[in-house]
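**Student:** Okay, structure incoming, though there's no sequence with it:
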Ligand code: PMP
C-alpha cells in the first residue's frame with residue numbers, strides 16, 4: 001500500500017512560531033535522547049467547552065501551562081493520554097505509525113472517563129502539525145524515533161465532584177532512543193500478587209493517568225526484587241497473566257505445524273496495545289499460528305519447564321518488542337527461553353522495524369508520511 005502524504009497546512013490551527021533550538025544544540029540532544037526527557041520546540045493545544053465544543057486550536061512554543069489550583073484534573077483524575085511514534089525513513093521522509101488507531105484508542109479512553117472525544121481527523125491533524133513544525137527533531141538512526149504524547153485534562157476550575165465542562169487537549173513530543181538497547185536484553189518480570197492493576201469494568205483497558213500511578217508501588221516491589229517490570233495477574237483469582245508494565249505479553253509454543261503465538265485475550269482489564277495488534281497481524285502474515293486466550297501463571301511456568309513454551313516477549317510503543325528472560329514471584333522463579341532472545345521474537349521485531357523505518361513495504365497501510373518544514377534531507 002502506498003503511504004498517504006498529508007496536506008502541508010492544517011488550516012484550522014493558529015500558528016505562533018517558537019524561536020527554534022539551534023541546529024548544533026539540537027544535534028547534541030538528538031545524540032543523547034534517553035526517553036521522555038527532551039522535547040521539541042512546539043506544542044499543539046485545542047480547547048473544549050460544553051457550549052462551544054472543540055475550538056482554539058494552536059501550534060505554539062512549548063511552554064509551561066498555567067492552571068488554577070482548583071483545576072479539576074488535579075482532584076478527580078480526568079486525564080487520558082496516548083503514546084505513539086514517528087520514524088525517519090529512506091530519503092529523509094518522516095512517518096507516523098498507526099496514527100488513526102491511536103486516535104481511536106484515545107477516544108475510547110476519553111469516553112470511558114466521561115470526557116469529550118476529539119474528532120479523529122483533528123487528532124491526526126494535531127500530530128501532522130507538530131511534525132510539520134518540528135520534523136527536524138525526528139532522529140535518523142534506526143531504533144531511534146520521535147515520541148508523541150497527546151493528552152487531555154479536565155481544565156475547568158471547580159471543586160464539584162462531576163465531569164468537567166472544560167477540557168484541554170495538548171500534544172508534545174521529543175526524540176527518543178529505544179527504551180531497551182538495539183539488541184534488547186531479556187527482561188526479568190515480577191509476578192505481582194499483593195496488588196492488582198485493573199478489573200474488567202474498570203479502567204484497565206484504557207489509558208487514564210490513574211492506571212499508572214496505581215501501579216508504581218508494585219513496580220517498586222519489582223525493582224526491590226531485582227526485576228525490570230511487573231507482570232500483572234487478574235484481579236479475581238490472581239492466576240491469569242494480563243500484561244507487563246506498559247507492555248502486552250506473548251508466548252511462543254512449539255506446535256506440530258510450526259511455532260504458535262499465544263497472547264492473553266482482551267479480558268476487559270488489559271490494554272489493547274497497538275503493537276500487540278501489529279504483532280498479531282504480522283505473525284499471521286509470516287505464517288505463524290496465533291491465538292488469543294487466557295493464560296495462567298502456572299501454565300506459563302509448566303510450559304517453560306516442559307519445553308513447550310520456547311520464548312516469551314513483551315510488546316509496546318516504547319520498546320517495540322523485548323524478550324522475557326525470567327519470571328520471579330515470592331514463591332518461585334523460572335527461566336524463559338534459556339534467558340535469551342528467541343528466533344520468533346527476533347523475526348517479528350525485524351519485520352515490525354522494517355515497516356516502521358521504511359525498509360519493507362507498508363503492506364498494512366500503517367504508515368502516514370507527513371510533510372515537515374525541515375524538508376526531505
Ligand atoms: N499495556 C499498557 C498498560 C500500556 O500502557 C501500553 C503502552 N501504551 C501497552 C500495554 C502497549 O500498548 P502499545 O503497543 O499501544 O504501546
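**Tutor:** Now that the structure is in, tell me what you want to look at. Worth saying up front: this structure is predicted, and the values here are computed from it rather than measured. Residues are numbered from 1 along each chain as shown.

**Student:** Show me which residues of the protein sit near the ligand.
**Tutor:** By CB under 6 Å from any ligand atom, the residues of the chain that approach the ligand are 83, 243, 246-248, 271, 273-276, 315-317. C-beta: built from backbone N, CA, C; applies to glycine.

**Student:** want to try CSV for these, with neighbour count as columns?
**Tutor:** Below are the residues of the chain next to the ligand laid out as CSV (neighbours: other CB atoms under 10 Å):
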residue, neighbour count
83, 17
243, 26
246, 19
247, 27
248, 24
271, 22
273, 22
274, 23
275, 20
276, 23
315, 28
316, 21
317, 22
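
**Student:** Narrow the residues you listed to those in helices?
**Tutor:** 274, 275, 276 (DSSP state H).

**Student:** got a list of what the residue in the stretch 101-250 of the chain that the ligand sits nearest to touches?
**Tutor:** Per CB to the nearest ligand atom, residue 246 is where the stretch 101-250 of the chain lies closest to the ligand, at 3.6 Å. Going by CB atoms under 8 Å, 6 or more residues apart in numbering, residue 246 touches 83, 212, 316, 318.

**Student:** So for it, what pLDDT did the model give?
**Tutor:** On the pLDDT scale, residue 246 is placed at 93.

**Student:** what would the contacts of residue 246 look like in TSV with distance to residue 302 and pLDDT?
**Tutor:** TSV is the format used below for the contacts of residue 246 (distance: CB to CB, whole Å; pLDDT from 0 to 100):
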residue	distance to residue 302	pLDDT
83	34	98
212	32	97
316	26	97
318	30	92
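
**Student:** Distance to residue 57 added to these, as JSON lines?
**Tutor:** Shown next, in JSON lines, are the contacts of residue 246 (distance: CB to CB, whole Å):
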{"residue": "83", "distance to residue 57": "21"}
{"residue": "212", "distance to residue 57": "27"}
{"residue": "316", "distance to residue 57": "29"}
{"residue": "318", "distance to residue 57": "28"}
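
**Student:** among the residues you listed, which are in strands?
**Tutor:** Among the contacts of residue 246, the ones falling in strands (DSSP state E) are residue 316.

**Student:** Without its sequence neighbours, what residue ends up closest to residue 176?
**Tutor:** residue 147 (4.4 Å; CB to CB, 6 or more residues apart in numbering).

**Student:** can you check residue 312 too?
**Tutor:** Residue 312 sits nearest to residue 324 (CB to CB, 6+ apart), 4.1 Å away.

**Student:** What strands flank the helix or strand harbouring the one you found, and is each parallel or antiparallel?
**Tutor:** Using DSSP states H and E, residue 324 maps to strand 320-328. In the sheet, strand 320-328 lines up against strand 187-191 (parallel), strand 309-316 (antiparallel), strand 333-335 (antiparallel) (DSSP bridges).

**Student:** For residue 30, what is the enclosing helix or strand?
**Tutor:** Secondary structure (DSSP H and E) places residue 30 in helix 23-31.

**Student:** Name the next helix or strand following that helix along the chain.
**Tutor:** strand 42-49.

**Student:** Give me the helices and strands touching that following strand, please.
**Tutor:** Under the contact definition 3 or more CB pairs under 8 Å, 6 or more residues apart in numbering; DSSP states H and E, strand 42-49 sits against strand 53-61, helix 120-134, strand 166-176.

**Student:** So which of those is nearest residue 265?
**Tutor:** helix 120-134 (26.5 Å; CB to CB).

**Student:** now the angle from that closest one to helix 23-31?
**Tutor:** 120 degrees (axes from the mean of the first three to the mean of the last three CA atoms, to 10 degrees).

**Student:** So the most far-flung residue of the chain relative to its centre: helix, strand or coil?
**Tutor:** The C-alpha centroid of the chain is most remote from residue 256, which lies 33.9 Å away (CA atoms, centre = their mean). On the three-state scheme (DSSP: H, G, I helix; E, B strand; the rest coil), residue 256 is labelled coil.

**Student:** The ligand versus the residue nearest to residue 15 when sequence neighbours are not counted, what's the distance?
**Tutor:** Once flanking residues are discounted, residue 15 sits nearest to residue 59: 4.9 Å by CB to CB, 6+ apart. Distance of residue 59 to the ligand, given as CB to the nearest ligand atom, to the nearest Å: 25 Å.

**Student:** Now for residue 59, how many residues are close by?
**Tutor:** 22 (other CB atoms under 10 Å).

**Student:** got it, and residue 183?
**Tutor:** Neighbours of residue 183 using other CB under 10 Å come to 9.

**Student:** Next: residue 241.
**Tutor:** 25.

**Student:** Not counting its neighbours along the chain, what's nearest it?
**Tutor:** residue 295 is the one closest to residue 241 (CB to CB, 6+ apart), at 5.0 Å.

**Student:** Next up, phi/psi of that neighbour, please.
**Tutor:** phi -130, psi 130 (degrees, to the nearest 10).

**Student:** Likewise for residue 281?
**Tutor:** phi -70, psi -40.

**Student:** The spatially closest residue to it that is not a sequence neighbour sits in which helix or strand?
**Tutor:** With CB to CB, 6+ apart as the measure, residue 364 is the residue that lies nearest to residue 281, at 6.2 Å, once sequence neighbours are left out. In the assignment (DSSP H and E), residue 364 maps to no helix and no strand.
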